[in-house]
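In: return a 3D structure for these sequence lines:
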Amino acid sequence: MAKVTVGPMPYMSVMPTLIVGANVKGKPNYMTAAWATVACMAPPMVCVALNKTRYTAKGIEENKTFSLNVPSVKQVVETDHCGLISGTLADKSTVFRSTYGKLKTAPLAEECPVNIECRLFKSVDCGSHLLYIGEIVEIHADASCLTDGKPDITKINPIVYAQSAYFGVGKQVEKAFSAGKSYRK
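Out: Next up is the predicted model:
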């Protein structure tokens, strides 16, 4: 297969679409982000990269807490809205019903099937963006989205971001940590 160089850029083929929640000046604010991933297994940590100018970043710095909310494809309009307008220009506290968990300062978007409540572990200045690493304090999930007590991607139906577009998740193609056992040279 012939390869063509396309230049350096922050490229990943697909990314989760998340709603980052933070209290800013005592009020819930939500923004859309796709630059996020797992950071550590023990203790459990996740990370999200936010442009330094984001209003939500002010809330994370202020409270040292944030939430990562996993919207389903049913919430694509609300999710995209939270990424289109800054909290400095519009009050986004009513886009989702806000609840609070153990931390009391990380708003959880109630309509999202999964909410990840995080305490700020560290922020890393990466240039245009700050990488916020959060230690997971609790995961809140709708009972209807669980299989064997764990969040089930087929029931959550999360939004995936790629190529400046939103996608749903397709069917499972194979079992991880198993498919490779049939490899033969």
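In: in this structure, which spans are helices?
Out: 55-63, 76-84, 153-156 (DSSP state H).
In: residue 171: neighbour count?
Out: 5 (other CB atoms under 10 Å). In short, each C-beta sits where N, CA and C put it, glycine included.
In: coming back round to it: make TSV out of the helices of the chain and add mean neighbour count.
Out: Conversion of these to TSV gives the following (neighbours: other CB atoms under 10 Å):
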stretch	mean neighbour count
helix 55-63	20
helix 76-84	16
helix 153-156	14
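In: number of nearby residues for the nearest residue in space to residue 70 that is not next to it in sequence?
Out: In space, and not counting its chain neighbours, residue 70 is closest to residue 114: 4.0 Å by CB to CB, 6 or more residues apart in numbering. Applying other CB under 10 Å, we find 22 residues neighbouring residue 114.
In: contacting residues for residue 114?
Out: Going by CB atoms under 8 Å, 6 or more residues apart in numbering, residue 114 touches 69-70, 139-142, 145, 151, 156.
In: neighbours of the residue nearest to residue 101 when sequence neighbours are not counted, how many?
Out: Nearest non-adjacent residue to residue 101, counting by CB to CB, 6+ apart: residue 117, 4.6 Å away. By other CB under 10 Å, the residues close to residue 117 number 26.
In: isn't residue 117 right up against residue 99?
Out: No: with contact defined as CB atoms under 8 Å, residue 117 does not reach residue 99; the gap is 10.3 Å.
In: what residues do those two have in common as contacts?
Out: Counting by CB under 8 Å, 6+ apart, the contacts common to residue 117 and residue 99 are residue 108.
In: now the strands for this structure?
Out: 15-16, 18-24, 27-33, 36-40, 45-51, 65-70, 98-99, 108-109, 114-125, 129-141, 146-147, 150-151, 160-162, 165-167 (DSSP state E).
In: from the contact counts, what lies against the second one?
Out: By that I understand strand 18-24. Counting contacts by 3 or more CB pairs under 8 Å, 6 or more residues apart in numbering; DSSP states H and E, strand 18-24 is packed against strand 27-33, strand 45-51, helix 55-63, strand 65-70, strand 108-109.
In: that strand pairs with which strands?
Out: strand 27-33 (antiparallel), strand 65-70 (antiparallel) (DSSP bridges).
In: all good on my end, thank you.
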